[in-house]
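1. Got a predicted structure here, sequence first:
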Amino acid sequence: MSVKAYPRKLDVKNGRVELSHGSGGRAMAQLISDLFHQAFGNEWLARCNDQSAFDVSAGRMVMTTDGYVVTPLFFPGGNIGSLAVHGTINDVAMSGARPLYLSASFIIEEGFRFSDLRTIADSMGAAARGAGVYIIAGDTKVVERGKADGLFISVAGIGLVADGLDLSADKVRVGDRVLVSGSLGDHGVAIMSKRQNVAFQTEIVSDSAALHNLVAVMIAAGGGGIRVMRDPTRGGLAAALNEIAHQSDLGFHLQESTIPVKPAVAATCELLGLEPIHVANEGKLVAIVAPDSADAVLAAMKAHPLATDAADIGEAVADDHKFVQMTTGFGGRRVVDWLWGEQLPRIC
Amino acid sequence: MKYSDEFRDKIIAQGLARAIDAEVSSQRAYRFMEFCGGHTHAISRYGLEDLLPANVRMIHGPGCPVCVLPASRIDMAIRLIDRPEVTLCVYGDLMRAPGSQGQSLLRAKALGADIRMVYSTLEAIRLAEQMPGREVVFFAIGFETTTPPTANMIRIAESKRMEGLSVFCNHVLTPSAMHSILENPKIRNTGGVPIDGFIGPAHVSTIIGTQPYEPLAEQFEKPIVVAGFEPLDVLQAILMLVRQVNQHRYEVENQYSRAVTREGNRRAKGEVSQVFELRDQFEWRGLGLVPNSGLKLKRSYAKFDAETRFAIHDMPVADNPACECCAILRGAKRPVDCKLFGNICTPETAIGACMVSSEGACAAYWTYGRVRDERVRQRS
């Protein structure tokens, strides 16, 4: 006679997370095996060790970590789970690395619905499988009601960089081109459209996507011409370019009319007093590329389904003040500064 | 984007810029104040100053309600939310406005105060309905444009017999502030206010009309053009001001005729006058005490007045003596003339009115305009 591991099935349909699901006992073991292992299923997790061992080839590796505290947890185009996987993969990929493995820690508020947790975990599993990476380590903690906003997820990722590839902001030179992979602000606007106090109707969905395949195509097309890449998440394109400007001791000069923005995003930003260049993206990148390689890289981007609207929006310029400037659609010139603070809390 | 792109057309802008260039006299300077932060934002956002001749200078006025709210009023709000029964509803950009001694609503919230960011008065009503037993206070702020919604909210609260909703009223008036700018004796003694004309705020005039500016134009002999907030509106208003100056006229003209009339919105004005009355004076950050420039609730609505209901009183706080906002707001000095600018006064650590919100003169200059000024380059 076979003995059931757990006498009662996890009631995913109606049940909720209780403190016991984080206390190291049988309830936690059941949550991990019945919910997370099913969603992420892979040979490493199946061994149920406190860690996962894997072989690596010789070379350079990259590692990143990111916490996800998005509100609301579900939004048009994704949820906190898919976002956590895509976001971490993108942080790895911006180095030019091929992402390999992820870990995921869950801090769950007591009372959280199992059904929501399963949807989120399934999205993570699907996002990871879609990207060809594996979630091979995890952790679950449950905190009392009121101590967390539903669910926080922390994800770390590692990847492997090809020989000879070393993308870095200090390699940017005057005259380099600024390429973006598509329309800006989609993720931030999709999130805002579902916030309780500003809810509005829009067809805009989050651009949340894993960009490592796009990066691989760009590197193949650009040779050594790609200096540095960033995914402009919080703070948007403005923050990403100001960061690079400070790290490279150069400035940037953009042409506003060339920056791709969807009309619905532009309209929403107009209404809320925001600018699309400050709004978060989760499936876009900005690349600084040597002028000789820029056309080839841009053509490769446009041929990739995640970057059909890619555009060359400006260039690196000598500037002791490391300003990002923009010629407006109107013909005048202005500074594009970082945001002073968070304009709307917790977008990603 | 329909209904906005038409007012942002580069070709028309270049035509207006050429017309301004052709009509200005090289023999004189033209100094125009855009009173309202909305215009300041448009000028900065679209880089309009680059399209103007060198002898046309825009002076950023005090028309940003968050900027001119004095520290004492923030202190009052903080005293209000010290009471455990109070939930305070505020517009988001008020959160960073500085009170005295480094206080702000953002800091108070971090220390546990129940402060909710709202986007409209209706949200405050909804919150009050959702939280019976709580004292929900709406932090009412703004010029004539935002006053009718507050009046309307109080009338709704009255008709619904809502017990837990009140208003902390900080509404201020545009014409009184313009008068104060032109009449300040300190500035007058140093050769007069160097302003040749005003761009008047569009949205304010959708409520009050253009008529209230007529006595000002006549008394101080300054042309005033009420203009919309799109970049083409602003350029056209500048051209209209240049023409008035050249022809020695000082009239009130209406560029924003698609929404503004001479009389304004009678129904909104009626609603406001039913609920509010003038304060004898109200303190403005940067301008000091300005007579007849603020509104308070009428005695018949006292139960909705948070100042009465919770017996909180104004305790004036002196502005930083080195702060040059008073002169900057009148065009007598520029942001870089202030010792505090960019040193201890930055958008993150605002001290003066002009740095507090992104629409303030110093903040706009910091965010968009610095690059044009060699003096900032030398300093840093």
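-> Great, that's in hand. Remember, predicted model here, so these are calculated numbers, not experimental data.
2. what about residue A:264, neighbour count?
-> Residues contacting residue A:264 under the criterion other C-beta atoms under 10 Å in any protein chain shown number 17. Where C-beta positions appear, they are placed from N, C-alpha and C, glycine not excepted.
3. hang on, I meant residue A:312
-> For residue A:312, the count of nearby residues is 17 (other C-beta under 10 Å).
4. Dig out what it forms beta bridges with.
-> residue A:179 (DSSP bridges).
5. Do you know the pLDDT at it?
-> Residue A:312 carries a pLDDT score of 98 in this model.
6. And residue A:134, by the same measure?
-> 97.
7. mind checking the backbone torsions on it?
-> phi -120, psi 140 (degrees, to the nearest 10).
8. Make sure it is actually in contact with residue A:101.
-> Yes - in this structure, residue A:134 is within contact of residue A:101 by C-beta atoms under 8 Å, at 5.5 Å.
9. max-length helix in chain A?
-> Criterion DSSP state H: the longest helix present in chain A is helix A:114-131.
10. Tell me which helix or strand comes right after it.
-> strand A:134-143 (DSSP states H and E).
11. Alpha carbons only: can I get that next one in CSV?
-> Taking Å, rounded to 0.1, in the frame of the first residue of the first chain, the C-alpha atoms of strand A:134-143 are listed here in CSV:
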residue,chain,number,x,y,z
TYR,A,134,15.8,27.2,-15.1
ILE,A,135,14.7,28.2,-11.6
ILE,A,136,16.9,25.9,-9.6
ALA,A,137,16.8,27.3,-6.0
GLY,A,138,14.0,28.9,-3.9
ASP,A,139,12.8,29.9,-0.5
THR,A,140,9.4,30.6,1.0
LYS,A,141,8.7,32.8,4.0
VAL,A,142,5.2,33.7,5.3
VAL,A,143,4.7,36.9,7.3
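12. Strands along the stretch 201-348 of chain A, start to end?
-> Assigned by DSSP state E, counting those that start in this stretch, the stretch 201-348 of chain A shows strands spanning A:226-230, A:251-255, A:286-289, A:311-317, A:324-327, A:333-335.
13. For residue A:147, find the nearest of those.
-> Nearest of the strands of the stretch 201-348 of chain A to residue A:147, taken as C-beta to C-beta: strand A:226-230 at 33.4 Å.
14. same for the closest one, what does it pack against?
-> helix A:212-222, helix A:236-248, strand A:286-289 (3 or more C-beta pairs under 8 Å, 6 or more residues apart in numbering or on different chains; DSSP states H and E).
15. residues of stretch B:84-104 that come out buried?
-> B:86-91, B:93-99, B:103-104 (16 or more other C-beta atoms under 10 Å in any protein chain shown).
16. What residues does residue A:219 make contact with?
-> A:96, A:162, A:165, A:226 (C-beta atoms under 8 Å, 6 or more residues apart in numbering or on different chains).
17. so what's the second one up against?
-> With contacts defined as C-beta under 8 Å, 6+ apart, residue A:162 is in contact with A:59, A:96-98, A:219.
18. Looking at whatever residue of the stretch 201-350 of chain B ends up closest to chain A now. What's its pLDDT?
-> The nearest approach of the stretch 201-350 of chain B to chain A comes at residue B:347, 4.5 Å away (C-beta to the nearest C-beta). We have a pLDDT of 82 for residue B:347.
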